[in-house]
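In: sequence unknown, structure follows:
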């Protein structure tokens, strides 16, 4: 490996394993840290233990999809070592290096900016969000099937929000034969909802129509499924919230009212880690190839 | 209840409960036997215990979906009593009565024919088989999602057989975005497969192409997925067999070869009992209304 091309994978989960395999198959040479318990059978993959010099000469560092926690620790499922991203590692990165992460909290952003390190938050990209919406919608369909004793075909489904995830969700539920209604405020989105053969509902009418839905899928990260909305729900109905924490559902009131509500977070990594890893690996190969 | 309209439900499972509720809501009066542990809150539903006179004056008797076992016992999930259909009950049925069952074995057919009782085997009907194919295909999709760690979207799926279940299966997997190939011998079916936007494969070519499929779904009740076919499968791939017992897969060889194979029987009753009961209730209301 030439020094200029050193790529370091710093911890990770099942998705990262698939990414590593894809990088190697593509011809990239990678150093993987935090994978002692994993056997890779490819000459392009070099396992290393955590040590201070690990980021020296690296062109790219790839963190786990979830980034770090508030104290810099990263997920590292395949080692008993703790992997903590600190100043002592980061300060060794060359100035042209780029750190890639799925998401980033304040700790990570502060650490990187303090050292003037370039970074790329993959889940902020539209293309990643759209591709990730496929496993998210499939995982939601799987939950819907598992949690009901009727078919999704001919069920009344309401999807709140028609963003990157909502569009995919509407397409998938419509495709399997559900009677699919979508809630949005946006006139252009309303037109697209109608074009897709779904029904449109305004936010204002949600409460009034709630009684007729078997499943309510929320994609909007603000409180939409309120006490008043829940009060109108059929006792047999199901709420699936895929909006990031704290979500868009009054979960404690749903519980109190006997309405089943699932907060489904990080679905792609749980139900389709191969696909989730594949999406990120494709993007990363592109980004690293174009890195100056 | 007038004597002429007496309908007796003799045992059953969760599906039967939904059928009873649907009959009552439709205005039919029903006597239910084998439901001591179930509370029905409708004036059209009368619970009775098993007794010799139970079929006297009945217009219709509805058996559980699975009919009887080899000694006449029927499934009765909501009682501790054993319900056994014997001559002593059947001989009390009036000559115009009709016995309805999902499926029928030799015991049941012999018993009914000996007493010249009209009967109707619902699962022999095309309409029931087609409607039942919807929960069957959805349940198969659910299994496919649960058993793989990639999305079904963009997966390579091969469906063997293009009968009542195969058509629905192809439509559903295609709709969720799978690359769907269907195997048939029939030229007309091949044309329909192409019209649907799926790929066609002959039985003769299955073995040769098997390596490229992620999931093989068999719907044909004869040995199709043989040792030779299994030998060509990718180690990560999955077989789901929905053909009635003994199915169309060499299960012991699949196990020996480390290929995962699921024999999924009676899916509608397991994953969507409400829908399964609803399908049968709709047909039964029609049939009983037209009964002379």
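Out: Sure, I can see it. Only a predicted model underlies this, so the values are computations on that prediction, with no experimental measurement involved. Numbers count the residues shown, from 1 in each chain, chains lettered A, B, ... in the order given.

In: shouldn't residue A:273 be in contact with residue A:13?
Out: Yes. If you go by CB atoms under 8 Å, residue A:273 and residue A:13 touch, sitting 7.3 Å apart. Any C-beta I mention is one placed from the backbone N, CA and C, and that applies to glycine too.

In: and the stretch 151-292 of chain A, which residues reach chain B?
Out: Residues of the stretch 151-292 of chain A lying near chain B by CB under 8 Å from any CB of the partner chain: A:151-154, A:172, A:175-177, A:271-275, A:278.

In: dump these into JSON lines; add distance to residue A:290 as well.
Out: Shown next, in JSON lines, are those (distance: CB to CB, whole Å):
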{"residue": "A:151", "distance to residue A:290": "46"}
{"residue": "A:152", "distance to residue A:290": "41"}
{"residue": "A:153", "distance to residue A:290": "44"}
{"residue": "A:154", "distance to residue A:290": "47"}
{"residue": "A:172", "distance to residue A:290": "32"}
{"residue": "A:175", "distance to residue A:290": "35"}
{"residue": "A:176", "distance to residue A:290": "38"}
{"residue": "A:177", "distance to residue A:290": "42"}
{"residue": "A:271", "distance to residue A:290": "31"}
{"residue": "A:272", "distance to residue A:290": "27"}
{"residue": "A:273", "distance to residue A:290": "26"}
{"residue": "A:274", "distance to residue A:290": "25"}
{"residue": "A:275", "distance to residue A:290": "23"}
{"residue": "A:278", "distance to residue A:290": "19"}
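
In: sec struct for residue A:191, please.
Out: helix (DSSP: H, G, I helix; E, B strand; the rest coil).

In: can you report how many residues lie near it?
Out: 11 (other CB atoms under 10 Å in any protein chain shown).

In: what separates it from residue A:184, distance-wise?
Out: Residue A:191 sits 10 Å away from residue A:184, going by CB to CB, to the nearest Å.

In: thinking again about what came up before, among the residues of the stretch 151-292 of chain A next to chain B, which pair sits farthest apart?
Out: Based on CB to CB, the longest span within these runs between A:154 and A:278 and measures 33.0 Å.

In: so the two - more neighbours on which side?
Out: More crowded of residue A:154 and residue A:278, by other CB under 10 Å: residue A:278, with 21 against 14.

In: ok, that one touching residue A:21?
Out: No. Here residue A:278 lies out of contact with residue A:21, judged by CB under 8 Å, at a distance of 9.9 Å.

In: check which residues of stretch A:79-97 are buried.
Out: Neighbour-count burial for stretch A:79-97 flags A:79, A:83-85, A:89-90, A:92-93, A:97 (criterion: 16 or more other CB atoms under 10 Å in any protein chain shown).

In: ok, these vs residue B:265, which is closest?
Out: Among these, and counting by CB to CB, the member closest to residue B:265 is residue A:79, at 42.8 Å.

In: surely that closest one meets residue A:48?
Out: No. The criterion here is CB under 8 Å, and residue A:79 misses it with residue A:48 at 11.1 Å.

In: in helices, which of the buried residues of stretch A:79-97 fall?
Out: Judged by DSSP state H, the buried residues of stretch A:79-97 include A:89-90 as members of helices.

In: ok so, going back, just the ones of the residues of the stretch 151-292 of chain A next to chain B in strands?
Out: Using DSSP state E, no member of those sits in strands.

In: which one of those residues sits closest to residue B:206?
Out: Set against residue B:206, the nearest of those by CB to CB is residue A:274 (24.8 Å).

In: need the pLDDT of that closest one.
Out: Listed pLDDT for residue A:274 reads 95.

In: quick one: contacts for it?
Out: Neighbouring residues of residue A:274 by CB atoms under 8 Å, 6 or more residues apart in numbering or on different chains: A:18, B:149-150.

In: at 10 Å what do you get?
Out: A:14-15, A:17-18, A:21-22, A:135, B:148-151, B:236 (CB atoms under 10 Å, 6 or more residues apart in numbering or on different chains).

In: how about the helices in the stretch 51-200 of chain A?
Out: A:87-90, A:106-114, A:126-147, A:164-175, A:187-195 (DSSP state H, counting those that start in this stretch).

In: quick check: angle from the last one to helix A:164-175?
Out: Just to be clear, that refers to helix A:187-195. Here the directions of helix A:187-195 and helix A:164-175 differ by 20 degrees (axes from the mean of the first three to the mean of the last three CA atoms, to 10 degrees).

In: doesn't residue A:217 lie inside a strand?
Out: Yes. According to three-state DSSP, residue A:217 belongs to a strand.

In: contacts only, for it.
Out: Residue A:217 touches A:137, A:140-141, A:143-144, A:157-161, A:165-166, A:169-170, A:173, A:180, A:182, A:238-243, A:262, A:264, counting by CB under 10 Å, 6+ apart.

In: could you rerun that using 8 Å?
Out: If you count contacts by CB under 8 Å, 6+ apart, then residue A:217 has A:140, A:144, A:157-160, A:169, A:173, A:239-242 around it.
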